[in-house]
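S.K.: no letters, just coordinates:
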């Protein structure tokens, strides 16, 4: 029997206006699809992330905490499945909230990183991000708050960072650490402006240990932001990820230790740019990541493997 077309949306996450932030393709599955098809569709979209949602139906569950709608959620880059993705989770929640597929203000996602929640915050209004954006007063003017696990930041071995000065074209480096998950390097530069202006050498980035390189720096004086960041990950088919929620699970504790605070407004200073409102809960070791999203395309995937 021929499979039904799969509905999809392309959503720009961590932005209030189209063609900014980070685009993700969100595919709504009525049934699970095989790995070959999931990878092929992700390669076809060729976005930093394509994700797949499948509703989980409850069967007389007595546990009240499971009363929120639940979905299986998987994330794929053009070349691989990943264990955690913030912007595609935000995009998924945005699709579900705006389409009317869920009535609750809380959604639970069953993922490779456990159960993640997304909470709709109605009437949150425009994020005061210092960027020129169009404000909205429609019923769709809301923020989404993701509840993610922290990622600890650990020391690097000296042999893990020998090419960093070449990779970053001589940018002034303050500190180099790495994440405990994925072994992403975290490289702090002298200023947020240096982060925004950076033009790395991607052939050298390919030689770095671990998955990718997170560049970060303190925000310029007078900025509304606390810190800037960028994320380069050519090994996963993404030279630069425009806005990356998951790396802020490491950046929040990193900057909390340096700045002595737990609430941050962060700018991912890629060419598309995106804003993340962060809260670090040290007791539970969770990071609340709040942002907005905009749907820019809708359609159907007709092909089957």
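M.R.: The structure has been received and is ready for your questions. Just so it is clear, the model here is predicted, and its values are computed rather than measured.
S.K.: residues making contact with stretch 37-46?
M.R.: When contacts are taken as CB atoms under 8 Å, 6 or more residues apart in numbering, the neighbours of stretch 37-46 outside the stretch itself are 6, 10, 25, 27, 49-50, 52, 74, 76-79, 81, 301, 304-305. No exception for glycine: its C-beta is placed from N, CA and C like everyone else's.
S.K.: filter these down to the ones in strands?
M.R.: Counted as lying in strands by DSSP state E, out of those, are 6, 10, 25, 27, 49-50, 52, 74, 76, 81, 301.
S.K.: so which of the residues you listed is the most crowded?
M.R.: Sorting these by how many neighbours each has (other CB atoms under 10 Å) puts residue 49 first, at 28 neighbours.
S.K.: with adjacent residues omitted, what lies nearest to that residue?
M.R.: residue 88 (4.0 Å; CB to CB, 6 or more residues apart in numbering).
S.K.: name the SS class of that neighbour, please.
M.R.: Classification of residue 88 into helix, strand or coil gives helix, according to DSSP: H, G, I helix; E, B strand; the rest coil.
S.K.: state the pLDDT value of it.
M.R.: Reported pLDDT at residue 88 in the predicted model: 98.
S.K.: wait, it touches residue 27, no?
M.R.: No: the criterion here is CB atoms under 8 Å, and residue 88 misses it with residue 27 at 10.6 Å.
S.K.: what's the overlap in contacts for the two?
M.R.: Counting by CB under 8 Å, 6+ apart, the contacts common to residue 88 and residue 27 are 50-51.
S.K.: coming back round to it: out of the ones in strands among the contacts of stretch 37-46, which is nearest to residue 191?
M.R.: Lowest distance from residue 191 to the ones in strands among the contacts of stretch 37-46 (CB to CB) belongs to residue 49, with 29.3 Å.
S.K.: that closest one bridge partners, please.
M.R.: Beta-bridge pairing of residue 49, defined through DSSP bridges, involves residue 24.
S.K.: which is the next helix or strand following the lowest-mean-pLDDT helix or strand in the chain?
M.R.: For the chain, the helix or strand with the lowest mean confidence is helix 164-167, at a mean of 71 (criterion: mean pLDDT, DSSP states H and E). Proceeding C-terminally, helix 164-167 gives way to strand 173-179 as the next helix or strand, assigned by DSSP states H and E.
S.K.: the helix or strand following that following strand pairs with which strands, and in what direction?
M.R.: Taking DSSP H and E as the definition, the helix or strand that follows strand 173-179 towards the C-terminus is strand 185-189. For strand 185-189, the pairing partners within the sheet under DSSP bridges are strand 173-179 (antiparallel), strand 213-218 (parallel).
S.K.: buried stuff in the first one?
M.R.: Okay, so that is strand 173-179. Of the residues in strand 173-179, those with enough neighbours to count as buried (16 or more other CB atoms under 10 Å) are 173, 176-179.
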